[in-house]
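# sequence first, then the predicted structure:
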Amino acid sequence: MARIALKIDVDTLRGTREGVAALVSMLRQMQAHATFLFSLGPDHTGWAMRRVFRPGFLKKVSRTSVVEHYGIKTLLYGTLLPGPDIGRRAADEMRAVQAAGFEVGIHCWDHVYWQDNVRGRDRAWTDAQMQKAFDRFVEIFGAAPATHGAAGWQMNGHGLETIERWGMRYASDGRGDTPYHPIVAGRTLNHVQMPTTLPTLDELIGIDGVDAGNVDAALLARTDGCATDQIFTLHAELEGQKLAPVFRRLLEGWQRQGHQLVSMAEYYAALDLRALPARPFAWGEIPGRSGELMVQP
């Protein structure tokens, strides 16, 4: 069959401390590989409640039980409670992931601040946010990161150029169908964007009769007999906690289908770089998710 790269976004302090360890244990039991992408600065999850007036946001929140998955305390960070510094308070948990043999990379500095602002910001703002994350990653792991996956699939052209300056060979910052070289301001960049290709569990739950009891079957139906490589994004706050039984069933199903569960590094190593297309940076909508994201046109 095909490779399915598992990309794990870690958004919060709770996800880093609780969800990550659960995922590491499960993946090792299943002999599956994955890439963990960390939020490295303050946890301001509570700021996300300001999205309440955005089209589709309330509908998505009602479908995915945000309070149940994230917890009241996390949802107060940045509002009634100060936002804790994830990289300072959970560095040991992050290093333990690498020590367990998993690839690690950058998700962001401040998840909500990045996600809500990056589209309209200039190069100076973008570089400052990304450099904070880069420096903290080096502080924690003692080496430069190999990859990057933007928070909420929110990115801008300046950010893609920063990844290029860092010398990263691959990243997964948006959504799409196939790996490609991004084009920014008429220039084709050398690094490869490997977009998330499969829908996330929270994008499927609550639509067309899909719930936590059958969402794994809905996703497995999309990969059954599929010979095309895929990237699946999961979250430490969901699949590492309340949706852990669902994710285990999904892993077991993919293995029954014959798919190889790999990290982003392994996915990249298998690519024929000469055959990859070049595509311009673009925004677009994804079913089941509110607002626009970085997409592959």
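That came through fine.
# only C-alpha atoms for contact and neighbour calcs from this point on.
Noted.
# and the helices in the stretch 1-150 of the chain?
Using DSSP state H, counting those that start in this stretch, the helices found in the stretch 1-150 of the chain span residues 13-14, 20-30, 57-64, 66-70, 72-76, 86-89, 91-99, 111-117, 123-141.
# just the ones you listed: most buried one?
helix 13-14 (a mean of 24; mean count of other Cα atoms under 10 Å).
# tell me the contacts of residue 186?
Going by Cα atoms under 8 Å, 6 or more residues apart in numbering, residue 186 touches residue 280.
# could you count how many residues lie near residue 297?
12 (other Cα atoms under 10 Å).
# oops, could you answer that again for residue 287 instead?
Using other Cα under 10 Å, residue 287 has 10 neighbouring residues.
# can you count the residues close to the closest residue to it other than its chain neighbours?
On the basis of Cα to Cα, 6 or more residues apart in numbering, the spatially nearest residue to residue 287 that is not a chain neighbour turns out to be residue 203, at 7.1 Å. When neighbours are counted by other Cα under 10 Å, residue 203 registers 17.
# gap between the helix or strand hosting residue 203 and the chain center?
Assigning secondary structure by DSSP states H and E places residue 203 in helix 201-204. Centroid separation for helix 201-204 versus its chain: 14 Å, with Cα atoms, centre = their mean, to the nearest Å.
# again, but for stretch 145-162
11 Å.
# repeat that for stretch 211-227.
Counting by Cα atoms, centre = their mean, stretch 211-227 comes out at 20 Å from the chain centroid.
# how about the closest residue to residue 41 other than its chain neighbours, phi and psi?
Leaving aside its chain neighbours, residue 41 sits nearest to residue 109 (4.6 Å; criterion: Cα to Cα, 6+ apart). The phi and psi values for residue 109, taken as degrees, to the nearest 10, are phi -90, psi -60.
# what sits against residue 109?
39-42, 129-130, 132-133.
# any idea how far it is from residue 229?
29 Å (Cα to Cα, to the nearest Å).
# hmm, residue 115 is touching residue 151, no?
Yes. Assessed by Cα atoms under 8 Å, residue 115 is found in contact with residue 151 at 5.9 Å.
# so what sits against both of those two?
Common neighbours of residue 115 and residue 151 (Cα under 8 Å, 6+ apart) do not exist.
# what about the strands in this protein?
3-10, 35-39, 103-108, 170-171, 181-184, 187-188, 192-193, 230-235, 260-262, 278-280, 282-285, 292-295 (DSSP state E).
# among the ones you listed, which comes closest to residue 246?
strand 230-235 (11.5 Å; Cα to Cα).
# name the helices or strands packed onto the closest one?
strand 3-10 (3 or more Cα pairs under 8 Å, 6 or more residues apart in numbering; DSSP states H and E).
# quick one: contacts of the strand it packs on?
So strand 3-10 is in contact with 16, 20, 33-39, 107, 149, 151, 228-237, 259-264, 266-267, going by Cα under 8 Å, 6+ apart.
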